[in-house]
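S.K.: make a model of this:
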Amino acid sequence: MTRLALHTSLGLGGPAREFWTLHDEDGVRAAVEDARRRKLDLVLLGGGSNLVVADEGVDQVVIQLTQGTVEIEEHDGGALARVNAGMVWDDWVALSVERGLWGIECLSGIPGQVGATPIQNVGAYGQEVADTVTRVRVLDRVTGASSWLSAAECAFGYRTSRFKGPDADRLLILAVEFALGHTPTRSASYPELERALADAGMPPSLPLIRRTVLDLRRRKSMLLDPADENGRSCGSFFTNPVVSPADLARVTARAGDPPPSFPQADGRIKMPAAWLIERAGLAKGTRSGNVGLSTRHTLALVAHAGATARELVAFAWHVRDRVETTFGIRLLPEPVFWGFAQLDDGLPTIS
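M.R.: Have a look, this model is predicted:
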């Protein structure tokens with residue numbers, strides 16, 4: 001049996017019942033039909049960069065798309081691109097920059113495959129996938145039919161979508177369609193990126209933005225690098241909470257100064273989970289056994305040599321409880337969990 005630890009950026013997880021490598025839509029459809037005929041549960045694995053698998057593994061057929069192709073239709077204002085789910089996400093970002101297409105350049109360096117990005121509406125440095133996705137091609141495992149869903153039908157939200165919610169076990173993503181522009185759709189809107197671009201002393205071209213974002217991510221150990229002591233992580237482990245003005249006032253009073261805050265259209269405020277974790281007394285590099293916080297970014301949980309998924313989840317609970325006890329804010333996890341019996345607000349419970 002294939003150990004899923006070999007297919008996740010955390011390097012954790014037991015075996016899959018079966019592991020199938022597929023190449024195209026026809027292969028996925030055949031796999032779904034075969035699993036249905038044999039009465040086996042089936043799940044789709046992307047790049048494994050946002051996934052925590054239980055030490056016991058999963059009693060499921062795991063399928064993975066390993067090839068990706070791109071079709072680009074240029075027009076006066078930009079281009080419409082259809083990208084197969086199996087393409088490596090950063091390869092697609094690099095290609096869009098090379099072609100002079102704006103819209104996903106700030107998402108450079110994010111690990112995983114294209115098909116996984118709509119699931120949690122991947123975002124970074126002022127951009128998110130929902131800004132440019134026009135349609136998502138899916139296979140319905142119940143009906144066996146494939147179709148295109150419009151962006152509106154995907155129900156995108158902050159780090160979520162219908163693919164992470166009610167249809168998580170029904171729809172398999174086969175391809176994603178993006179609308180990108182020949183000119184900037186909007187200026188950089190993330191303060192850290194704006195400062196870094198200003199320090200470069202030149203106009204923010206596509207190649208410059210990509211290089212700058214990759215450098216920022218490298219400094220935080222947010223690039224896949226086997227030589228990095230913080231390399232075995234799944235990136236940001238918790239989402240940034242979106243809270244009420246009353247919550248912000250309470251956090252400010254308890255911390256002694258206000259956190260960085262980002263007003264939302266509905267009147268609420270988004271604040272950095274990393275700031276809350278540090279102010280709750282958990283500094284960068286805090287460890288518990290074989291797991292801990294990254295030495296470069298408080299929001300990343302790292303699995304060091306000898307770590308188990310159980311250890312990682314226990315530490316995640318410790319972090320969440322510490323923040324909730326200190327500030328009354330409950331952090332929600334960003335990764336997907338496989339093989340755990342019960343979840344509490346997205347985080348597995350452990351006995």
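S.K.: which residues touch the closest residue in space to R268 that isn't next to it in sequence?
M.R.: The shortest distance from R268 to any non-neighbouring residue, by C-beta to C-beta, 6 or more residues apart in numbering, is to V242 (5.0 Å). Every residue, glycine included, has its C-beta placed from N, CA and C. Neighbour list for V242: 158, 264, 268-270 [criterion: C-beta atoms under 8 Å, 6 or more residues apart in numbering].
S.K.: rerun at 6 Å
M.R.: 264, 268, 270 (C-beta atoms under 6 Å, 6 or more residues apart in numbering).
S.K.: just the strands in the stretch 201-350 of the chain please.
M.R.: 233-236, 242-243, 262-263, 269-270, 287-288, 291-293, 300-303, 336-338, 343-344, 347-348 (DSSP state E, counting those that start in this stretch).
S.K.: to E192, which of those strands lies closest?
M.R.: strand 262-263 (12.3 Å; C-beta to C-beta).
S.K.: what pairs with that closest one, and is each one parallel or antiparallel?
M.R.: Applying DSSP bridges, strand 262-263 is found paired with strand 269-270 (antiparallel).
S.K.: can you list the residues that contact the helix or strand of the chain with the lowest mean pLDDT?
M.R.: For the chain, counting by mean pLDDT, DSSP states H and E, strand 343-344 ranks last in confidence among helices and strands (a mean of 85). By C-beta under 6 Å, 6+ apart, the list of residues contacting strand 343-344 from outside is empty.
S.K.: what does stretch 179-199 give?
M.R.: 78-80, 96, 101-103, 125-126, 132, 134, 204, 212.
S.K.: selecting buried members of the residues you listed in ChimeraX, what would you type?
M.R.: In ChimeraX, this line selects whichever of these come out buried by 16 or more other C-beta atoms under 10 Å:
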select :78,79,96,101,102,103,125,126,132,204,212
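S.K.: in helices, which of the contacts of stretch 179-199 appear?
M.R.: 96, 212 (DSSP state H).
S.K.: and of the contacts of stretch 179-199, the nearest to P333?
M.R.: So of those, ranked by how close each gets to P333 (C-beta to C-beta), first place is Y125, at 21.3 Å.
S.K.: I'd say that closest one and L107 touch.
M.R.: No - in this structure, Y125 is not within contact of L107 by C-beta atoms under 6 Å, at 7.7 Å.
S.K.: thinking again about what came up before, next one: the least confident helix or strand of the chain to chain centre, how far?
M.R.: Distance of strand 343-344 from its chain centroid, counting by C-alpha atoms, centre = their mean, to the nearest Å, is 19 Å.
S.K.: same check on stretch 52-72?
M.R.: 15 Å.
S.K.: pull out the buried residues from that stretch.
M.R.: 52-55, 57-58, 60-65, 68, 70.
S.K.: and stretch 249-268, by the same measure?
M.R.: Buried, per 16+ other C-beta under 10 Å, within stretch 249-268: 251, 259, 261, 268.
S.K.: can you add distance to G285 and give the residues you listed back as TSV?
M.R.: Shown next, in TSV, are those (distance: C-beta to C-beta, whole Å):
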residue	distance to G285
V251	24
P259	21
S261	26
R268	32
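S.K.: T132 contacts F156, doesn't it?
M.R.: No - counting by C-beta under 6 Å, T132 sits too far from F156 to count as a contact (11.1 Å).
S.K.: domain map for the chain?
M.R.: Annotated domains of the chain cover 4-65, 70-181, 233-348 [automatic domain parsing].
S.K.: kindly reformat these as JSON lines containing distance to L197.
M.R.: Output for the domains of the chain, formatted as JSON lines (distance: least, C-beta to C-beta, whole Å):
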{"stretch": "domain 4-65", "distance to L197": "26"}
{"stretch": "domain 70-181", "distance to L197": "10"}
{"stretch": "domain 233-348", "distance to L197": "19"}
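S.K.: so how far is stretch 80-92 from its chain's centroid?
M.R.: 15 Å.
S.K.: report the separation between the two terminal residues of it.
M.R.: This stretch, stretch 80-92, spans 13 Å end to end (C-alpha to C-alpha, to the nearest Å).
S.K.: what of stretch 218-235?
M.R.: 12 Å.
S.K.: ramachandran coordinates for L193?
M.R.: phi -70, psi -40 (degrees, to the nearest 10).
S.K.: report how many residues lie close to it.
M.R.: 20 (other C-beta atoms under 10 Å).
S.K.: quick one: it and L214, what's the gap?
M.R.: 12 Å (C-beta to C-beta, to the nearest Å).
S.K.: give me phi/psi at G328?
M.R.: Dihedral pair for G328: phi 70, psi 20, per degrees, to the nearest 10.
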